[in-house]
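*Asks:* Pasting a predicted model and its sequence here:
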Amino acid sequence: MKNNFKKIIALFIFALCIFVNNKADASFLSIKPSSDSLSKDEQFYVDVNLNTEGKIINGIEGSVSFPDNISFVRAEEGNSIVNLWVEKPALSDGSVKFSGIIPNGFSGVIDPFNPDNKLPGLIIRLIFETKKEGDCNISISKAITTLNDGLGTIDNITPTSAKISIQNISNPYIYKTSNDVAPELSASVVRDPNIENNKYVLIFDAKDKQTGIKEVLIKEGSRPWKKIESPYLLEDQSRHSIITVQATNYSGSSIAINIDALPYKLISFINIIILIFILVGLLFIIKKFYEKYK
Amino acid sequence: MIKLLSSKKFIIVLIFSLVIAPQLVVAFTIINTSTIRISAQVGTGTPSTGGGGGGGGGGSSSVSTVPISMPTTVNFSGMAYPSSKVTILRNGSVVITTVADQQARFSTSINNLDTGTYNFSVYGEDSNGVKSLSFSFPVYVTAGTTVNIGGIFLSPTINIDKSEVKQGDDLIVYGQTIPNTNLNIVFHSDQEILKNTKTDITGLYKYTMDTTPLEYGDHIVKSKTIVNEEVGAVSPELPFIVGLVSKKKDNTVTGCGTLRGDLNCDKRVNLVDFSVMAYWYKRVSPPAKVDLNGDGKISLVDFSIMAFSWTG
């Protein structure tokens, strides 16, 4: 009995250690502001980085909250390790929400000059502007990652935050990321029974290595330019319009590609024969009418 | 209680729990990438001050002063399957494909990259079109440098002829890896069963397992390539059941292929499939084919399952 009790206690401690350690080794997000002491009317950035703690992560979603003495300007995802956004970082209900995937997974950025030391990966750079003096707490309240295990196992992330203080001095400053690289864009028109009832949709992937993509526009034939997201249901389902897709980054550089229209089908030989029969028939009827009422 | 806390056995268990258990947790979550060597050198074709650059010499690096505007190159080399197709992805898109030689060796390069972080992935396809696990390398590339990613050892492919096997019937385990090498076939049952086999000149292997010693119930099988008496690479795990009847394995996941996430049945998992899933994100009643985990909604979990099988 006494021995059994010892075994139970030992087993309990072992399980507890595994549980506690598993929590400690969960991947985590860090928030790094460009400065922790700022003036009013000053734009600054906050980098959200992922440290996987040796795990291979292929999905991340989260929400960044901030108080009302700063305002959100934009999110730059140009240097992000996230390759495809399920939800592009955007302001929603007072916080910046994001969700995306890293195909085949991510376990830390390798610096080839120091390959043994893996670095955290940038998820997003958020640009804010200070409004009122005082302390400001920027936090990641809800965030999860998924393991690259083929099962989508969820790995919860410990909440984290960063504190900055805003002085009562006005120092207007506009934050600008230098960008000398044009965006990349690939697009194609597809039909799939699982999207929009098998109608023609445009899918695209727009990337920019520095500031990120500001917007993607479409022009179908003579129709006006329109801001779109992928997948986009084409207005011209006949596909007889030339499609132009244009992606623009935050520094104003853009790239455009054209997708050819489908050619009009030539009238088939059988159709020509049928047409000839119809014409001959019509001529015969007209001739009959003409002879009758002459 | 005090007596218990001071006993020798208890102290040993406590030390084991504090020191060994954490290592076990980490070990379960890290993929074996011990053979991969990554190194870099500034510029190409110029004298360097160190000796570790070209060919990926065990992670060492060399830096020298070179002219500006040297090409930026990432070199990949490793072992796949004899005469097999090897695909390299950059940030999820196919950037180059190459063919391994008859000894399963492959090497290829990507040029003209800008400075930045790139997520490179490598996978191979065996002679039956079965894809290996993908290796992923998120690398920070600086303009004017050459990065060498060497020692890539693609996982062996694996397949079985039955999803359920009648106890006592044979189960055939087959796949492909490098030619003329030893291979472990590992059955995870109540007790781990290890069998040895060898690949032929084309890298193919086939092992017929007598299932008499296996218990009724769920089992898992995987293969391990052995190179120089060490495990070179490990295949994905395949589940099977030992039961009362034998059932032929259906090699389709969604009715159109083996890849989970191939929603349009083109034997690839890429932007088209992602777009189909993105269309149903947060919409009600997604098609069963799109809802990969079958929970009635499209969430990050479904995208994660797709990202695991991504082929570009």
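*Replies:* In hand now; what should we look at?
*Asks:* doesn't residue B:80 make contact with residue B:100?
*Replies:* Yes - Residue B:100 lies in contact with residue B:80 (CB atoms under 8 Å); the separation is 4.2 Å. Quick note: C-beta positions are derived from backbone N, CA and C, even for glycine.
*Asks:* Identify the contacts common to these two.
*Replies:* By CB atoms under 8 Å, 6 or more residues apart in numbering or on different chains, residue B:100 and residue B:80 have these common neighbours: B:86, B:106, B:124.
*Asks:* out of residue B:100 and residue B:80, which sits in the busier spot?
*Replies:* Each of residue B:100 and residue B:80 has its neighbours counted (other CB atoms under 10 Å in any protein chain shown); residue B:80 has more, 30 against 22.
*Asks:* Pull up the gap between the more buried one and residue B:274, please.
*Replies:* Distance of residue B:80 to residue B:274, computed by CB to CB, to the nearest Å: 26 Å.
*Asks:* What count of nearby residues applies to residue A:46?
*Replies:* For residue A:46, using other CB under 10 Å, the count is 21.
*Asks:* what's the answer for residue B:189, then?
*Replies:* Neighbours of residue B:189 using other CB under 10 Å come to 17.
*Asks:* so what's it up against?
*Replies:* By CB under 8 Å, 6+ apart, the contact list for residue B:189 reads B:214, B:215, B:219.
*Asks:* of the residues you listed, closest to chain A?
*Replies:* residue B:219 (18.2 Å; CB to the nearest CB).
*Asks:* List the residues that contact the closest one.
*Replies:* Listed by CB under 8 Å, 6+ apart, the contact set of residue B:219 reads B:187, B:188, B:189, B:239, B:240, B:241, B:242.
*Asks:* Quickly find the element holding it.
*Replies:* Assigned by DSSP states H and E, residue B:219 falls within strand B:217-227.
*Asks:* can I see the domain layout of chain A?
*Replies:* Recorded structural domains for chain A (assignment: automatic domain parsing) are A:27-173, A:184-259.
*Asks:* looking at those, which is buried most?
*Replies:* Highest mean neighbour count among the domains of chain A (mean count of other CB atoms under 10 Å in any protein chain shown): domain A:27-173, with a mean of 19.
*Asks:* Not counting its neighbours along the chain, what's nearest residue 108?
*Replies:* No chain in the question, so chain A it is. Spatial nearest neighbour of residue A:108, chain neighbours left out: residue A:118 (2.8 Å); criterion: CB to CB, 6 or more residues apart in numbering or on different chains.
*Asks:* To clarify, I was referring to chain B.
*Replies:* With sequence-adjacent residues excluded and distances taken as CB to CB, 6+ apart, residue B:108 is closest to residue B:98, at 4.2 Å.
*Asks:* Quickly note the distance from the residue nearest to residue A:108 to residue A:109.
*Replies:* With distances taken as CB to CB, residue A:118 is found 7 Å from residue A:109.
*Asks:* buried subset of the contacts of residue B:219?
*Replies:* When these are checked for burial by 16 or more other CB atoms under 10 Å in any protein chain shown, the buried set is B:187, B:189, B:240, B:241, B:242.
*Asks:* Next SSE downstream of the host helix or strand of the third one?
*Replies:* Element membership of residue B:240, judged by DSSP H and E, is strand B:238-243. As assigned by DSSP H and E, the chain's next helix or strand after strand B:238-243 is strand B:247-248.
*Asks:* show me the contacts for the nearest residue to residue A:37 once chain neighbours are set aside.
*Replies:* In space, and not counting its chain neighbours, residue A:37 is closest to residue A:165: 5.5 Å by CB to CB, 6+ apart. By CB under 8 Å, 6+ apart, residue A:165 lies in contact with A:36, A:37, A:38, A:134, A:135, A:136.
*Asks:* Greatest separation within those: which pair is it?
*Replies:* Greatest spatial distance in the contacts of residue A:165: A:36 and A:134, 13.5 Å, computed using CB to CB.
*Asks:* And the residue nearest the centre of chain B?
*Replies:* For chain B, the residue nearest the mean C-alpha position is residue B:133 (2.7 Å; CA atoms, centre = their mean).
*Asks:* Tell me the confidence at that one?
*Replies:* For residue B:133, the model assigns a pLDDT of 91.
*Asks:* just residue A:9 next, same as before
*Replies:* On the pLDDT scale, residue A:9 is placed at 57.
*Asks:* Look through the stretch 151-300 of chain B and state the residue closest to chain A.
*Replies:* Of all residues in the stretch 151-300 of chain B, residue B:275 sits closest to chain A, at 4.1 Å by CB to the nearest CB.
*Asks:* How many residues are close by that residue?
*Replies:* 25.
*Asks:* Format the domains of chain A as JSON lines; extra columns: mean pLDDT and distance to residue B:90.
*Replies:* Compiled in JSON lines, the domains of chain A are given as follows (pLDDT from 0 to 100; distance: least, CB to CB, whole Å):
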{"stretch": "domain A:27-173", "mean pLDDT": "94", "distance to residue B:90": "9"}
{"stretch": "domain A:184-259", "mean pLDDT": "93", "distance to residue B:90": "10"}
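*Asks:* Of all the ones you listed, which one is nearest residue B:248?
*Replies:* domain A:27-173 (23.1 Å).
*Asks:* tell me how far the ends of that closest one are from each other?
*Replies:* 34 Å (CA to CA, to the nearest Å).
*Asks:* ok, now which ones touch the residue nearest to residue A:196 when sequence neighbours are not counted?
*Replies:* Ranked by CB to CB, 6+ apart and with sequence neighbours excluded, the top spatial neighbour of residue A:196 is residue A:233, at 4.9 Å. Residue A:233 makes contacts with A:196, A:199, A:200, A:201, as judged by CB under 8 Å, 6+ apart.
*Asks:* Can you tell me how far the closest residue to the third one other than its chain neighbours is from chain B?
*Replies:* Nearest in space to residue A:200, with sequence neighbours left out and distances taken as CB to CB, 6+ apart, is residue A:234 at 4.6 Å. The span separating residue A:234 from chain B equals 13 Å under the rule CB to the nearest CB, to the nearest Å.
*Asks:* where do the helices sit along chain B?
*Replies:* With DSSP state H as the criterion, chain B has helices at B:2-6, B:8-29, B:271-280, B:300-308.
*Asks:* Also chain A?
*Replies:* Using DSSP H, helices in chain A cover A:2-24, A:269-292.
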